[in-house]
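In: My questions are about this predicted structure, shown below with the sequence.
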Amino acid sequence: MKANDAKRLKELEKENVQLKRIVANQALDIDLLKFVAEGKF
């Protein structure tokens, strides 16, 4: 693996973590909206 390949891999891993966090936040938002829509608050 070349140095630039390793650098790109680290960048992609960092981006992947950020995207996973966004997806998790979206899932929480959806759950919250479902909770409110069902009138369980």
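Out: Noted; the coordinates are in hand. Numbering: from 1, shown residues only.
In: Low-confidence ranges, this structure, go.
Out: 41 (pLDDT under 70).
In: those helices in it, which residues are they?
Out: 3-37 (DSSP state H).
In: List phi and psi for residue 39.
Out: As for residue 39, its main-chain torsions (degrees, to the nearest 10) stand at phi 70, psi 30.
In: Grab the nearest non-local neighbour of residue 1.
Out: With sequence-adjacent residues excluded and distances taken as CB to CB, 6 or more residues apart in numbering, residue 1 is closest to residue 9, at 7.8 Å. No exception for glycine: its C-beta is placed from N, CA and C like everyone else's.
In: ok, how many other residues are close to that neighbour?
Out: Residue 9: 11 surrounding residues under other CB atoms under 10 Å.
In: next one: the one 5 residues further on
Out: Around residue 14 sit 10 other residues, with neighbours defined as other CB under 10 Å.
In: For residue 22, see how far away it is.
Out: As for residue 14, its distance to residue 22 is 13 Å (criterion: CB to CB, to the nearest Å).
In: just residue 38 next, same as before
Out: For residue 38 relative to residue 22 (CB to CB), the value is 25 Å.
In: ok, the residue nearest to residue 1 to residue 23 distance?
Out: From residue 9 across to residue 23, the span is 21 Å (CB to CB).
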